[in-house]
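> model this:
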Amino acid sequence: AKASSSVVLENIQGCSLKCLRMLLENISNLLVDDDFTVEVIPEINVAVATFIKHIDTEEFVRNCSQNKRIKEFKMTARLLELTQSIQVENLPASVSADFITIYFENARNGGGPVSDIQLFPEENSAIITFCDHKGNA
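Numbering: from 1, shown residues only. The predicted structure is shown next:
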């Protein structure tokens, strides 16, 4: 399977968008807006970096996890794979399954068709399962 061109950064609440954009430019040696986009979802303390330019996203995730600043902010990075479930944590109590579904189905956010959402309000988390859409690279 082709590696995802989107990387999810979690626990971004300590880092402003401007800071995040610079940080990702430093780690990737690419230019934001030209080579990749950053979409922030403040409701769930997550940002999605989607690479327009082809890069080794697995290596990028490894570089993020070793980055001193990322560690200081206690952020985590992982690939956004569309054919699997992802767990989203630190959700506000007020967020609805509909909001999460619509958010993750937005192609601009690197999402795709969502087949299932399990909300765990007591843990402020949710598991989003994407439809398997083979043929979409």
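> and the helices in this protein?
Shown for the chain, the helices assigned by DSSP state H span residues 17-28, 57-66, 68-72, 97-105.
> in CSV: those, plus mean pLDDT.
Converted to CSV, those look like this (pLDDT from 0 to 100):
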stretch, mean pLDDT
helix 17-28, 96
helix 57-66, 95
helix 68-72, 96
helix 97-105, 87
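> could those helices be laid out in CSV, adding mean neighbour count and distance to Thr50?
In this view, the C-beta of every residue, glycine as well, is placed from N, C-alpha and C. Formatted as CSV, the helices of the chain follow (neighbours: other CB atoms under 10 Å; distance: least, CB to CB, whole Å):
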stretch, mean neighbour count, distance to Thr50
helix 17-28, 17, 11
helix 57-66, 16, 10
helix 68-72, 13, 18
helix 97-105, 16, 13
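> so which of those comes closest to Ile41?
Among those, helix 97-105 comes nearest to Ile41, with 6.4 Å by CB to CB.
> got the CA positions of that closest one in CSV?
Extracted in CSV, the C-alpha atoms of helix 97-105 (Å, rounded to 0.1, in the frame of the first residue of the first chain):
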residue,chain,number,x,y,z
ALA,A,97,-20.2,12.2,16.5
ASP,A,98,-21.7,14.2,13.6
PHE,A,99,-19.0,16.9,13.9
ILE,A,100,-16.2,14.3,14.0
THR,A,101,-17.7,12.4,11.0
ILE,A,102,-18.0,15.6,8.9
TYR,A,103,-14.5,16.7,9.9
PHE,A,104,-12.8,13.4,9.0
GLU,A,105,-14.8,13.1,5.8
